[in-house]
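Student: no sequence for this one, just the structure:
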Ligand code: DGY
């Protein structure tokens with residue numbers, strides 16, 4: 001008998017077709033974010049689930065879905081999935097690293113540039129019909145080329161942003177990360193490790209790329225913002241919750257820092273109301289990895305993982321990017 005899987009969000013038809021070569025697939029054509037009881041109901045009898053960053057896979061769900069053997073996400077971030085709980089329930093988990101690195105770094109850099117050069121703010125001004133004359137200081141922002149880039153979180157995406165800054169824009173690159181990169185990688189990227197306070201104090205443009213966890217909750221709040229230059233910008237493409245959004249909105253309103261670019265928010269898709277009323281912030285709806293080729297590659301990688309995790313396809317039993325590979329062979 002064919003195993004049953006659930007695609008918990010709408011995804012490219014080609015990805016569903018690949019799953020259908022091996023499994024009976026229930027889809028979510030209306031692309032609703034199902035409330036937890038609905039997700040649990042639809043997971044009954046399912047051996048696997050294709051998820052994104054929006055589905056919460058936690059202990060109560062796992063306890064209520066005893067047939068589940070694989071949870072495969074098309075996101076690289078997996079703070080929505082309790083991996084240790086999955087492991088203890090014998091559920092294999094995979095995410096989608098690497099395939100989105102360059103696209104996400106492009107976006108992080110674009111958001112940082114839009115923030116520094118006040119692109120959204122000036123566009124809104126123009127659309128409101130307020131542009132009546134050119135003037136010397138109209139929307140004058142700060143330079144990106146030659147400035148000091150501060151990267152908080154130096155994983156794959158952080159490194160790709162550092163490379164853009166150093167090689168493309170002649171930036172001095174400082175970074176802070178729990179573990180230091182090898183000296184050879186630092187030299188290649190032209191990046192120097194500093195402690196967090198020095199990073200905040202010395203950078204002109206801070207880009208945040210750390211994964212969300214209890215340890216990174218409100219990693220940047222009032223105290224950290226107080227260390228930054230009044231001319232500095234902050235860009236967050238990591239996860240909501242890494243930055244204290246209320247503290248950031250206050251810092252933007254009082255011009256404690258110059259501007260911010262945010263792609264992720266605490267409690268998204270809700271956005272802190274104070275952020276919606278300050279002009280010096282560029283807001284985008286969690287789209288850093290959203291190029292068509294990259295979203296296809298992310299979906300394909302999740303499908304590869306799901307097929308392999310459930311013992312089908314050419315890589316049966318060897319999902320390429322498992323997060324708890326010790327479980328392999330048990331699916
Ligand atoms: C990721 O892959 O983690 C992106 O933030 C999309 O969720």
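Tutor: Now that the structure is in, tell me what you want to look at. The structure presented is a predicted model; accordingly, all values stated were derived computationally and were not measured. Numbering: from 1, shown residues only.

Student: So, low pLDDT: which residues of the stretch 201-331 of the chain?
Tutor: For the stretch 201-331 of the chain, the stretches with pLDDT under 70 are 329-331.

Student: Where do the helices of it begin and end?
Tutor: 222-227, 245-253, 273-277, 292-309 (DSSP state H, counting those that start in this stretch).

Student: who does the second one touch, helix- and strand-wise?
Tutor: The criterion is 3 or more Cβ pairs under 8 Å, 6 or more residues apart in numbering; DSSP states H and E, and the helices and strands that helix 245-253 contacts are helix 222-227, strand 259-262, helix 273-277. All C-beta spots, glycine's among them, are computed from the backbone N, C-alpha and C.

Student: Flag every buried residue along it.
Tutor: 245-249, 251-252 (16 or more other Cβ atoms under 10 Å).

Student: Show me which of those residues is closest to residue 304.
Tutor: Closest approach to residue 304 among the buried residues of helix 245-253 (Cβ to Cβ): residue 245, at 35.4 Å.

Student: wait, doesn't that closest one sit right on residue 273?
Tutor: No. With contact taken as Cβ atoms under 8 Å, residue 245 and residue 273 are classed as non-touching, separated by 9.9 Å.

Student: that older thread, reformat the helices of the stretch 201-331 of the chain as CSV; add distance to residue 155.
Tutor: Shown next, in CSV, are those (distance: least, Cβ to Cβ, whole Å):
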stretch, distance to residue 155
helix 222-227, 20
helix 245-253, 22
helix 273-277, 26
helix 292-309, 16
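
Student: Of all these, which one is nearest residue 5?
Tutor: That would be helix 292-309 among the helices of the stretch 201-331 of the chain, by Cβ to Cβ, at 6.5 Å.

Student: tell me how far that closest one is from the chain's mean position?
Tutor: 17 Å (Cα atoms, centre = their mean, to the nearest Å).

Student: In terms of secondary structure, what does it contact?
Tutor: Counting by 3+ Cβ pairs under 8 Å, 6+ apart, helix 292-309 packs on helix 13-20, strand 48-51, strand 70-73, strand 92-94, helix 101-116.

Student: Determine the angle, from 0 to 180 degrees, between the longest one and helix 292-309.
Tutor: Using axes from the mean of the first three to the mean of the last three Cα atoms, to 10 degrees, the direction of helix 101-116 lies 140 degrees away from that of helix 292-309.
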